[in-house]
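Trainee: Turn this into a structure:
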Amino acid sequence: MSRAIITKASSRCYFLKILKKSGLQSHQLRHFYLSVIRLILEYCSPVWHHGLTKAQAESLEAIQCRTLRIIDSSTVGMPYEVALSLTQFTSLHDRREHLNKNLFTSITIPSSCISRLLPPLRYSSITYRLRTPSLYPRPATRTKRYTSFIHHALLTYQ
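Mentor: Below is the predicted model of the structure:
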């Protein structure tokens with residue numbers, strides 16, 4: 001899954017290089033990156049973000065690093081974090097975390113069509129006695145790798 005995303009985004013980076021060679025300005029290249037390449041890198045991220053290995057996450061960030069160097073040639077040779085701050089982008093990991101948190105908060109709204117996937121709310125008489133109070137009970141899992149988004153979100157975002 002991750003390999004297919006990386007391959008598809010890399011082929012779009014080639015188009016970005018061609019657009020730069022044809023004379024497009026950096027704000028137009030930025031728009032192309034945001035509308036074409038980053039959408040590929042973030043597609044369905046709530047489903048697979050919590051199951052990424054470190055190597056897969058680093059290869060996704062490497063794609064963004066490469067596109068930053070194509071868009072703004074002054075970032076060549078800079079560390080990735082400095083290039084991010086210079087171009088006013090955020091890391092893909094931070095964006096995926098933000099998207100996942102927003103999805104979880106939208107699920108917790110009772111009118112949401114998938115709020116029934118969440119476990120029942122805890123009673124307030126139980127919550128105030130806990131060391132780390134949370135509205136939903138935390139699921140017990142043996143590994144983090146194969147948990148669903150709901151389990152991951154209950155452990156991380158509440």
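Trainee: can we go C-alpha only for contacts and neighbour counts from here?
Mentor: Fine.
Trainee: so who does T108 touch?
Mentor: T108 makes contact with 115, 118, according to Cα atoms under 8 Å, 6 or more residues apart in numbering.
Trainee: Now do it against L155, distance only.
Mentor: 14 Å (Cα to Cα, to the nearest Å).
Trainee: intersection of neighbour lists for these two?
Mentor: Joint contacts of T108 and L155 (Cα under 8 Å, 6+ apart) do not exist.
Trainee: Quick check: the closest residue to S45 other than its chain neighbours vs Y123, distance?
Mentor: Take S45 and drop its neighbours on the chain: the residue closest to it by Cα to Cα, 6 or more residues apart in numbering is R96, 6.3 Å away. For R96, the distance to Y123 (Cα to Cα) stands at 31 Å.
Trainee: Give me the more crowded residue out of the two.
Mentor: Legend: neighbour count by other Cα atoms under 10 Å for R96 and Y123, higher for R96 (20 against 10).
Trainee: Now do the same for T132: its pLDDT.
Mentor: With respect to pLDDT, T132 has a value of 69.
Trainee: again but with R129, I slipped
Mentor: 70.
Trainee: Quickly find the element holding it.
Mentor: Following DSSP states H and E, there is no helix or strand that holds R129.
Trainee: list the contacts for S106?
Mentor: S112.
Trainee: May I have the helix or strand where it lies as PDB, with CA atoms only?
Mentor: S106 is part of helix 92-107, with elements assigned from DSSP H and E. Output in PDB follows, covering the C-alpha atoms of helix 92-107 (Å, rounded to 0.1, in the frame of the first residue of the first chain):
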ATOM      1  CA  LEU A  92       3.100  15.200   6.700                       C
ATOM      2  CA  HIS A  93       3.100  13.400  10.100                       C
ATOM      3  CA  ASP A  94       1.700  16.500  11.800                       C
ATOM      4  CA  ARG A  95      -0.900  16.900   9.000                       C
ATOM      5  CA  ARG A  96      -2.000  13.300   9.300                       C
ATOM      6  CA  GLU A  97      -2.200  13.600  13.100                       C
ATOM      7  CA  HIS A  98      -4.400  16.800  12.700                       C
ATOM      8  CA  LEU A  99      -6.600  15.100  10.100                       C
ATOM      9  CA  ASN A 100      -7.000  12.100  12.300                       C
ATOM     10  CA  LYS A 101      -7.900  14.200  15.400                       C
ATOM     11  CA  ASN A 102     -10.500  16.200  13.300                       C
ATOM     12  CA  LEU A 103     -12.000  12.900  12.100                       C
ATOM     13  CA  PHE A 104     -12.200  11.600  15.600                       C
ATOM     14  CA  THR A 105     -13.900  14.700  17.000                       C
ATOM     15  CA  SER A 106     -16.400  14.600  14.100                       C
ATOM     16  CA  ILE A 107     -17.200  11.000  15.000                       C
END
